[in-house]
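A.B. asks: Okay, predicted coordinates and the sequence, questions at the end:
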Amino acid sequence: MGTIVLNAKKRKIGFNKKVAYVTRAVRYNTIGTDELLSHASADTGVSKAMLKATFEAMMQEIRQLALNGHSVQLGDLGTLKFSISCKSVENKDDLSTDLIKTRRMVFRASSKLRDEMDDVKFDTVIVEDDDSSEG
């Protein structure tokens, strides 16, 4: 089970620029691949070099499969898939790939991960009073 620290700051919100406290989860540093592999190596006893080779091969396969239209299930984490957003047309003769507006990768958390997210505890709210946002 995880614990998330919260941070609240005064912000101007909405069209009328009302000042209110906005709470967000505190994010720490980004864990890079090297540090992730070090943790996994320490947890499993498998050499970091072996894990790195396996990890790189898996990333290459996941990337290729997702870019070729497959939904890729990433174990208990969830599923990664390619998605697009297109302009609509009324006439089928107007359909073309030129209608594509955006391309993105979509990650959907698994039900197990979503259930675990429900169990995350929230720690103290850190309040930052910044008078510059009031005026």
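C.D. replies: Yes, it's here.

A.B. asks: where along the protein do the helices fall?
C.D. replies: Assigned by DSSP state H, the chain shows helices spanning 33-44, 48-67, 111-118.

A.B. asks: Any idea which of these gets closest to residue 4?
C.D. replies: Closest approach to residue 4 among the helices of the chain is made by helix 111-118 (9.8 Å; C-beta to C-beta). Any C-beta I mention is one placed from the backbone N, CA and C, and that applies to glycine too.

A.B. asks: What helices and strands are in contact with the closest one?
C.D. replies: When contacts are defined as 3 or more C-beta pairs under 8 Å, 6 or more residues apart in numbering; DSSP states H and E, helix 111-118 packs onto no helix or strand at all.

A.B. asks: ok, and what's touching it?
C.D. replies: Helix 111-118 is touched from outside by 1-2, 76-78, 109, with contacts defined as C-beta atoms under 8 Å, 6 or more residues apart in numbering.

A.B. asks: Show me what the mean pLDDT comes to for it.
C.D. replies: If you average the pLDDT over helix 111-118, you get 95.

A.B. asks: switch to numbering from 12
C.D. replies: Understood, numbering begins at 12; the last thing we discussed is helix 122-129.

A.B. asks: Send me it as CSV with only the CA atoms.
C.D. replies: Output in CSV follows, covering the C-alpha atoms of helix 122-129 (Å, rounded to 0.1, in the frame of the first residue of the first chain):
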residue,chain,number,x,y,z
SER,A,122,-8.6,-3.6,-12.3
LYS,A,123,-6.1,-4.9,-9.8
LEU,A,124,-4.0,-1.6,-10.0
ARG,A,125,-7.2,0.5,-9.7
ASP,A,126,-8.2,-1.5,-6.6
GLU,A,127,-4.8,-0.9,-5.1
MET,A,128,-5.1,2.8,-5.9
ASP,A,129,-8.3,2.8,-3.7
